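Turn this into a structure:
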Amino acid sequence: MVNTAVGAATFVFDIKRLLRLALPITVGQLAIVGMSVTDIIVAGRLSTDDLAGVTLGSSLFNLTIMLVVGIILANGPLVGQLFGAAKFDDIPRQMHSCLWLALPLGLASMVFLAVALILLPGLTPSHNIATICKQYIYPMLGTALLLPIMLAMRTTFEGLGKARPAMVLNIIGFFLNILLDIALVFGYWGFPALGGAGCGWATLIVATMIVCGEFFYARVARTLTSFHLLARWHPPDRAMIRETLKVGVPIGATMLAEGGFFLLIPLFIVHLGATEIGGHAIALSLDWVMYMIPMGIAQAMSVLAAHELGHRQPTAARKLCLAGLAVTGAIALLQAITVISLRKPIASLYSPDSDVQMLAANLLIYAAGFRIFDAINVAANGALRGYKDTRFPALLTVFGYWAIGFPVGYSLALTDWWGPAWGVEGFWAGTVIALVLIALLSVARFHKTSQLALNPVPEPSVSGSHRH
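Just a heads-up that it's a prediction; the model follows:
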């Protein structure tokens, strides 16, 4: 009875710890995703073609940047383990090495996005949608350079358990983006009416503001003084860059395999017209908003698990991650119920087009089922990042989405193999099927990895050496 009470108290304590860190991370991420949602809502209010053009441009941007985002996210748990192990002198070197890495990654993203511009005319038969998309992408080239730098600073703060500064900057950016979207898309308050392209320029301005704010905070904040983050500039540390890539590339591959699946859908359905693209954009944008909650908890799990492992407390790390999985699953179930109940009002908020609304409302049913299993998978992956176990989730995600989800989704959406083609709904159905398998295997992997940390396999003895 006593052990049960102690276990329950520990469970509640771990949830409180997770939510204390996850809340500012989640709010900050919701603000960032809220900018994309604002772009879609404002563009959709202008015209269905502007909605399709901004959606296509946003998909191309996210495809080119997603691998980079995953690589930089590795900085959080790496800083967290250094912090947990009290290796405070190494934290500035890790941050600076990540910033050095962010520069070539940002430049590479710009190049890939420029290549996408060249290929754009072949992606859509609509000249008007292609023109809007191209004009939206031009300013996003600058955003592609700034985003890895922004994430390197943000993940450093999070790794130190200080997520509120990035949250505040992101919230400011969210409200600024609303004003800039309205001003630049419709031409209010003396600004030029740029149409859908105005969303791209608004994003670039906000990204610049956030990066400047992060460096300013790192320089002057009293709570960071003891870490000397910007006291002097460190040259690139090859070992730290290799470790960041070792942990981060699989994270990026995981994000690209999952996010890329949804972001490529508009390219497969573009010939079906603006209604299909618009309905998919609405369902996807809402799902991304919901996704930020389990993602915030997952990032908190990875950082706090890294702290515990840095302290050499694998039992505490496992218990904390189990608490995170439980609370994430409960929140996802609540999200699914809410979306199903309010799917029609939600769809009408995005677009006045009745056909787009009807399709989006149907897709939100799939999004609700998807949300439950995706949240469990995201939480398990967050726990594994804390253990630096990132390769298996990457392989599992690639296999699940592209060996199962894509063939099933494509055949349902665009062929008559199963009867009349479902259109974009088929892709969503295929994804839900794949995610059931992915989520179950991710949880099983966490169980195995955390058990191994509790009972590590002894290293083979080396001749001439001894253990104390």
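
Name the residues of stretch 85-98 that are buried.
Of the residues in stretch 85-98, 90-98 count as buried by neighbour count, 16 or more other Cβ atoms under 10 Å. The C-beta positions use only the backbone N, C-alpha and C, and glycine is treated the same way.

in the helix or strand encompassing Ala383, what counts as buried?
Using DSSP states H and E, the element containing Ala383 is helix 354-386. Within helix 354-386, the residues scored as buried using 16+ other Cβ under 10 Å are 356-357, 359-386.

pLDDT averaged over the helix or strand just after that helix, what's the number?
Using DSSP H and E, the next helix or strand after helix 354-386 towards the C-terminus is helix 391-398. Averaged across helix 391-398, the pLDDT comes to 86.

Stretch 295-311 too?
Taken as a whole, stretch 295-311 has an average pLDDT of 84.

Pull the CA coordinates from it and hand them back as PDB.
Only the C-alpha atoms of stretch 295-311 are listed here, as PDB (Å, rounded to 0.1, in the frame of the first residue of the first chain):
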ATOM      1  CA  MET A 295       5.500  17.700 -29.500                       C
ATOM      2  CA  GLY A 296       6.000  20.100 -26.600                       C
ATOM      3  CA  ILE A 297       5.600  17.300 -24.100                       C
ATOM      4  CA  ALA A 298       7.900  15.200 -26.100                       C
ATOM      5  CA  GLN A 299      10.600  17.900 -26.200                       C
ATOM      6  CA  ALA A 300      10.300  18.300 -22.400                       C
ATOM      7  CA  MET A 301      10.600  14.500 -22.000                       C
ATOM      8  CA  SER A 302      13.800  14.500 -24.100                       C
ATOM      9  CA  VAL A 303      15.400  17.300 -22.100                       C
ATOM     10  CA  LEU A 304      14.300  16.100 -18.600                       C
ATOM     11  CA  ALA A 305      15.200  12.400 -19.400                       C
ATOM     12  CA  ALA A 306      18.600  13.700 -20.600                       C
ATOM     13  CA  HIS A 307      19.000  15.600 -17.300                       C
ATOM     14  CA  GLU A 308      18.300  12.400 -15.300                       C
ATOM     15  CA  LEU A 309      20.600  10.300 -17.500                       C
ATOM     16  CA  GLY A 310      23.300  12.900 -17.100                       C
ATOM     17  CA  HIS A 311      22.800  12.500 -13.300                       C
END
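
any idea how far that stretch is from the chain center?
Between the centre of stretch 295-311 and the centre of its chain there are 16 Å (Cα atoms, centre = their mean, to the nearest Å).

Now that stretch: buried residues?
Judged by neighbour count using 16+ other Cβ under 10 Å, the buried positions of stretch 295-311 are 295-310.

Output the contacting helices and strands for the helix holding Ala383.
Contacts defined by 3 or more Cβ pairs under 8 Å, 6 or more residues apart in numbering; DSSP states H and E place helix 354-386 against helix 48-73, helix 75-84, helix 238-269, helix 274-310, helix 314-350, helix 391-398, helix 424-454.

Tell me which residues are up against stretch 226-237.
Contact partners of stretch 226-237, identified using Cβ atoms under 8 Å, 6 or more residues apart in numbering, comprise 88, 91-97, 100-101, 156, 160, 215, 218-219.

Among the residues you listed, name the ones in helices.
In helices, judged by DSSP state H, the following of those are found: 91-97, 100-101, 156, 215, 218-219.

helices or strands next to the longest helix along the chain in the packing?
The longest helix of the chain (DSSP H) is helix 2-46. Counting contacts by 3+ Cβ pairs under 8 Å, 6+ apart, helix 2-46 packs against helix 48-73, helix 127-159, helix 164-186, helix 197-220, helix 274-310, helix 314-350.

could the ones you listed go into CSV alongside distance to Ile41?
Written out in CSV, the entries for the helices and strands packed on helix 2-46 read as follows (distance: least, Cβ to Cβ, whole Å):
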stretch, distance to Ile41
helix 48-73, 9
helix 127-159, 15
helix 164-186, 9
helix 197-220, 10
helix 274-310, 8
helix 314-350, 6
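
For Thr10, find the nearest of those.
helix 314-350 (6.1 Å; Cβ to Cβ).

what sits against Ala193?
Each residue near Ala193 by Cβ under 8 Å, 6+ apart is listed here: 184-187.

Look at it and tell me its secondary structure.
Secondary structure, DSSP: H, G, I helix; E, B strand; the rest coil: Ala193 is coil.

follow-up on the earlier one: of the helices and strands packed on helix 2-46, which is nearest Val12?
The closest of the helices and strands packed on helix 2-46 to Val12 is helix 314-350. By Cβ to Cβ, the value is 8.3 Å.

Show me what the closest one is packed up against.
When contacts are defined as 3+ Cβ pairs under 8 Å, 6+ apart, helix 314-350 packs onto helix 2-46, helix 274-310, helix 354-386, helix 424-454.

what's the angle from it to helix 274-310?
With axes from the mean of the first three to the mean of the last three Cα atoms, to 10 degrees defining the directions, helix 314-350 sits at 160 degrees from helix 274-310.

Ile331: neighbouring residues, count only.
18 (other Cβ atoms under 10 Å).

Ignore what I typed, I meant Leu119.
Leu119 has 9 neighbours, counted by other Cβ under 10 Å.

Next: Leu19.
Look at Leu19: counted by other Cβ under 10 Å, it has 16 neighbours.

Check the spacing between it and Leu179 real quick.
31 Å (Cβ to Cβ, to the nearest Å).

And Thr338, by the same measure?
Counting by Cβ to Cβ - Thr338 and Leu179 are separated by 28 Å.

So for Ala9, which of the helices and strands packed on helix 2-46 sits nearest?
Closest among the helices and strands packed on helix 2-46, using Cβ to Cβ: helix 314-350, at 11.4 Å.
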